[in-house]
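Novice: Just a sequence and a predicted model for now, questions to come.
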Amino acid sequence: MDYVVKTRILLNTNFNISEFNDLMYEDAQPDIIEDIKSVIEEDPTLCEYIDGDLTFRFLPNYKVLLTYDFNCNDENEAEAESFSKSCVEDIRKELERKGYPIEKIRCRAGEMDMKWLEKLEDMVFPKPKEQTQSL
């Protein structure tokens, strides 16, 4: 089965508020995004399964919420969620080395919507019309 796993990762930015102010935090956000993206892009497995864009949401407590869709083929939803989480765990040490410890990982799997593929197949391989004969 094909699954899309909605993955959410809460990261601490370890922004030093005793030395810097909120305006400096806003200026640092593009660098934070690039640091985190570079870790993901360097991992051959994780970046292969991410579908679409990474979404970064900066929270008021100097944390960042990273969300993305992780597409995979597994036996069931639990395995798909476990695989997504395992891929995040594989980059945990590198994120921590760059100063972004993971506080929470949430993965929710659902079956991938394949209606688009069925429509495409119907366009490419039209079903023959049924023929009826009258006696």
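Specialist: Received it, and whenever you're ready, just let me know what you need.
Novice: okay, CA-based contacts and neighbour counts for the rest of this
Specialist: OK.
Novice: Just say helix, strand or coil for Leu23.
Specialist: helix (DSSP: H, G, I helix; E, B strand; the rest coil).
Novice: what about it, how many residues close to it?
Specialist: 8 (other CA atoms under 10 Å).
Novice: For Thr67, see how far away it is.
Specialist: 24 Å (CA to CA, to the nearest Å).
Novice: Quick one: residues contacting Thr45.
Specialist: Thr45 is in contact with Cys87, counting by CA atoms under 8 Å, 6 or more residues apart in numbering.
Novice: so where's the chain shaky on pLDDT?
Specialist: By pLDDT under 70, the weakly predicted segments of the chain are 1, 16-22, 112-135.
Novice: quick one, strands of it?
Specialist: Secondary structure of the chain (DSSP state E): strands at 2-12, 50-58, 63-73, 102-111.
Novice: how about TSV for those strands, with distance to Ile36 and mean neighbour count added?
Specialist: Output for the strands of the chain, formatted as TSV (distance: least, CA to CA, whole Å; neighbours: other CA atoms under 10 Å):
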stretch	distance to Ile36	mean neighbour count
strand 2-12	10	21
strand 50-58	10	14
strand 63-73	9	20
strand 102-111	11	17
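Novice: Leu95: what's its closest spatial neighbour, skipping adjacent residues?
Specialist: Nearest residue to Leu95 in three dimensions, chain neighbours excluded: Pro101, at 6.2 Å (CA to CA, 6 or more residues apart in numbering).
Novice: Surely the one you found and Thr13 touch.
Specialist: Yes: using CA atoms under 8 Å, Pro101 makes contact with Thr13 at a distance of 7.5 Å.
Novice: For the residue nearest the centre of the chain, give its distance to Cys107.
Specialist: Centroid check for the chain by CA atoms, centre = their mean gives Tyr68 as the closest residue, at 2.5 Å. The spacing between Tyr68 and Cys107, counted by CA to CA, is 10 Å.
Novice: Mutual contacts of these two, please.
Specialist: In contact with both Tyr68 and Cys107: Lys6, Thr7, Arg8, using CA under 8 Å, 6+ apart.
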